[in-house]
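> Based on what follows, work out the 3D shape:
(one chain, ligands or ions: 2)
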Amino acid sequence: MKDNTIIVGLDIGTTKITTVIGEVASGGGIDIIGEGSVPSEGMKRGSVVNLERATHAIKQSVLAAERVSGVKVSSVYVSVAGNHAKAITSHGLAAIRRNQEIGQSDVDRAIENARAVPLDPNLEIIHTLPQEYVVDGQEGIKSAVGMHGVRLEVDVHIVAGTAGPLLNLRRCVQEAGLYVEGFVLHVLASGLATLEAQEQAQTVIVVDMGGGTTDIGVFKRGNLAHSATIPFGGEHVTADLAQILKIPMEEAENVKKRYGSALPDLADQDLTLEITTASGSTHAISAFELSRIIKPRIAEIFSMIREEIDHTLGPAEMVAQSVVLTGGASLLRGTVELARDRFRLPVRIGRPRGIGGLTDIVGGPEHAASVGLVLYSLGENGRVPPIVFKDQEPEKSSEPQDPIVRTSTSPKTPVKASATPAKPASQNADSGIMGRVRNWLKEWT
Ligand SMILES: Nc1ncnc2c1ncn2[C@@H]1O[C@H](COP(=O)(O)OP(=O)(O)OP(=O)(O)O)[C@@H](O)[C@H]1O
Ligand SMILES: [Mg+2]
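Ligands and ions are numbered 1, 2, ... in the order given. Below is the predicted model of the structure:
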């Protein structure tokens, strides 16, 4: 690790493009010295659909961060959306000569053998993440170098990206005058920014709830061991509201953020909103009813995550000790409580930690991936860099945490939100005006 090095993360998301500039101080520690976020352009579900517009937005985001930091950015770590990545876990083996210690070259050979799996030629390997080692049948070894044995085995989590989308991303970043230092799987970056020291000894499900997608990463003792993507996120909640309330997306977004809740029980029971539709008619809706529109979508996302984990790894509550929700959409009221109910595990919001500098700007869950990109460059094998936990000792025990917190939710959801997106906001731009809020004063005083 170099001292006083500038490291830049470029998170190209569905709703925003964020640049975070980090500085590694000589005494250790990472200071965030610049941040720039602009609305995403030219992107759809993690893919570039318009090179020029995406390049323009990337430039704007980098410029904004440069202005804050006074630093000129030349190279960046770029996030890759999970829907363009395929991940497999492969097993590698290396024989060790009798009476010889295991050396780094043996470890490299075992990893190389694990990498030698036939991959679709359309895929480009992004990460080769060694999990734990097995020496002569002894499992759970973190570092095999220096040990004695005749048989070294390792499971390696290989993450590969689809070549086309990666090439397009690289092209945009280069057109913006920047060098791609590396691609990083979005949910890996989110996990690196949010996992706490004691979680390094456990199995934790990290769920990054973004705008267009929700990414899942299962971190086993600090290693990314499984990843998947659900093609729904916060924008779909907004689209449901826009369609059912018949208001433009921008207004639905405001209503969702201010008054929405993923659990009707947590909605303000006294609040009623008066909505003026795009056609000019008005209707009233209570915050309770609003959250009955929202809940099915979030519940659907959690069900899909559960299905994915149950199917590939086994029942979530048996496999993992906790869930960390991050990404902007995790900020919706009631999301944590609904997740506790669905996963039957302790759930918390994951915010970037272990950094200094502009923590007030990058301290929210929507910055997990961009901060994680900076941390990625300082860690080894896709693990949290030790510098982050320099003042803390990770817990030794990997025993499951016991408290299972449940929240009562109604079993049936009377309002079924439609999956059809509402008209884009631009089509309704000047017709709809958010209705007056009857209890405005009551709420804000
Ligand atoms: N306070 C809030 N309450 C509810 N939802 C919120 C809040 N703040 C942000 N969101 C939602 O978070 C989503 C954006 O999250 P985020 O910024 O993590 O997305 P992204 O990184 O651009 O998307 P992706 O990771 O899918 O590419 C939007 O749908 C937005 O409505
Ligand atoms: Mg994101």
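
> Number of residues surrounding V71?
15 (other CB atoms under 10 Å). The way it works is simple: take the backbone N, C-alpha and C, and place the C-beta from them, glycine included.

> contacting residues around it?
Contact analysis of V71 by CB atoms under 8 Å, 6 or more residues apart in numbering lists 6, 21, 23, 33-34.

> could you pick out which of those are near ligand 1?
Among those, no residue sits close to ligand 1 (CB under 6 Å from any ligand atom).

> Show the buried residues in those residues.
Buried residues within the contacts of V71, counting neighbours by 16 or more other CB atoms under 10 Å: 6, 21, 23, 33-34.

> close enough to count as contact, G382 and L224?
Yes: here G382 lies in contact with L224, judged by CB atoms under 8 Å, at a distance of 5.7 Å.

> list residues touching both of the two?
127, 129, 188.

> Considering those residues, which is situated nearest to ligand 2?
Set against ligand 2, the nearest of those by CB to the ion is L188 (12.2 Å).

> Which residue is the nearest non-sequential neighbour of the closest one?
Spatial nearest neighbour of L188, excluding adjacent residues (CB to CB, 6 or more residues apart in numbering): L224 at 5.1 Å.

> Now do the contacts for that neighbour.
127, 129, 157, 159, 185, 187-188, 191, 217-218, 382.

> Lowest pLDDT pick from those?
Within the contacts of L224, G382 has the lowest pLDDT, namely 92.

> related to what we said a few turns ago, can you redo the contacts of L224 as JSON lines with neighbour count?
As requested, these are exported to JSON lines (neighbours: other CB atoms under 10 Å):
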{"residue": "H127", "neighbour count": "23"}
{"residue": "L129", "neighbour count": "21"}
{"residue": "H157", "neighbour count": "24"}
{"residue": "V159", "neighbour count": "24"}
{"residue": "L185", "neighbour count": "30"}
{"residue": "V187", "neighbour count": "34"}
{"residue": "L188", "neighbour count": "33"}
{"residue": "G191", "neighbour count": "34"}
{"residue": "G217", "neighbour count": "27"}
{"residue": "V218", "neighbour count": "24"}
{"residue": "G382", "neighbour count": "23"}
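
> rewinding a little: give me the subset of the buried ones among the contacts of V71 lying in helices.
Judged by DSSP state H, the subset of the buried ones among the contacts of V71 located in helices is empty.

> mind listing which of those are in strands?
6, 21, 23, 33-34 (DSSP state E).

> Need those in a markdown table (columns: pLDDT and distance to G46).
Converted to a markdown table, those look like this (pLDDT from 0 to 100; distance: CB to CB, whole Å):
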| residue | pLDDT | distance to G46 |
| --- | --- | --- |
| I6 | 95 | 26 |
| I21 | 98 | 23 |
| E23 | 95 | 28 |
| I33 | 97 | 27 |
| G34 | 97 | 24 |
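
> mind listing the helices for the stretch 151-300 of the chain?
Taking DSSP state H, counting those that start in this stretch, the helices of the stretch 151-300 of the chain run over residues 163-175, 186-194, 234-245, 249-259, 287-312.

> Could you see whether ligand 2 lies near the third one?
No: for helix 234-245 and ligand 2, the contact criterion (CB under 5 Å from the ion) is not met; the two come no nearer than 10.0 Å.

> Check which helices and strands that helix is in contact with.
helix 249-259, helix 287-312 (3 or more CB pairs under 8 Å, 6 or more residues apart in numbering; DSSP states H and E).

> Enumerate the residues of the stretch 51-200 of the chain near ligand 1.
A81.

> which residues in the stretch 51-200 of the chain form strands?
With strands called from DSSP state E, counting those that start in this stretch, the stretch 51-200 of the chain shows them at 75-80, 85-95, 123-135, 138-141, 151-162, 179-185.

> Nearest approach to ligand 2 belongs to which of these?
Across the strands of the stretch 51-200 of the chain, ligand 2 has its closest neighbour in strand 75-80 (7.1 Å, CB to the ion).

> which one of the strands of the stretch 51-200 of the chain lies closest to S286?
strand 75-80 (38.7 Å; CB to CB).

> name the helices or strands packed onto that closest one?
strand 6-12, helix 163-175, strand 179-185, helix 186-194, helix 368-376.

> and with 6 Å instead?
With contacts defined as 3 or more CB pairs under 6 Å, 6 or more residues apart in numbering; DSSP states H and E, the packing partners of strand 75-80 are strand 6-12, strand 179-185.

> about what we covered before: wait, which of the helices and strands packed on helix 234-245 is closest to ligand 2?
helix 287-312 (14.4 Å).

> next one: the closest one to chain centre, how far?
Offset of helix 287-312 from its chain centre (CA atoms, centre = their mean, to the nearest Å): 17 Å.

> and what of stretch 132-151?
On CA atoms, centre = their mean, the centre of stretch 132-151 falls 32 Å from the chain's centre.

> for the stretch 251-400 of the chain, what are the low-confidence residue spans?
Flagging of the stretch 251-400 of the chain using pLDDT under 70 yields the residue ranges 391-400.

> which residue sits closest to the residue in it that ligand 1 sits nearest to, ignoring its sequence neighbours?
Here the stretch 251-400 of the chain gets closest to ligand 1 at one residue, G328, 2.4 Å apart by CB to the nearest ligand atom. Leaving aside its sequence neighbours, G328 sits nearest to E366 (CB to CB, 6+ apart; 3.7 Å).

> Near the closest residue to N223 other than its chain neighbours, how many residues? Count them for me, please.
Spatial nearest neighbour of N223, excluding adjacent residues (CB to CB, 6+ apart): Q131 at 5.0 Å. By other CB under 10 Å, the residues close to Q131 number 20.

> Equivalent analysis for G146, please.
9.

> Tell me the pLDDT of it.
For G146, pLDDT reads 95.

> check contacts around it.
If you count contacts by CB atoms under 6 Å, 6 or more residues apart in numbering, G146 has them with E101.

> what do you get if the cut-off is 8 Å, keeping everything else the same?
101-102.

> Give me the buried positions along stretch 121-135.
123-124, 126-135.

> start to end distance for stretch 350-368?
Taking CA to CA, to the nearest Å, the first and last residues of stretch 350-368 lie 8 Å apart.

> how about it, does it reach ligand 1?
Yes: counting by CB under 6 Å from any ligand atom, ligand 1 has neighbours in stretch 350-368: E366.

> Any residue of that stretch touching ligand 2?
No: Stretch 350-368 stays clear of ligand 2 (CB under 5 Å from the ion), getting no nearer than 7.4 Å.

> likewise stretch 7-22?
Yes: applying CB under 5 Å from the ion, one finds stretch 7-22 touching ligand 2 at G13.

> quick one: the helices in the stretch 301-445 of the chain?
Here the stretch 301-445 of the chain has its helices, by DSSP H, counting those that start in this stretch, at 316-319, 335-343, 359-362, 368-376, 440-444.

> and those, which is most packed in?
The highest mean neighbour count among the helices of the stretch 301-445 of the chain, using mean count of other CB atoms under 10 Å, belongs to helix 368-376: a mean of 31.
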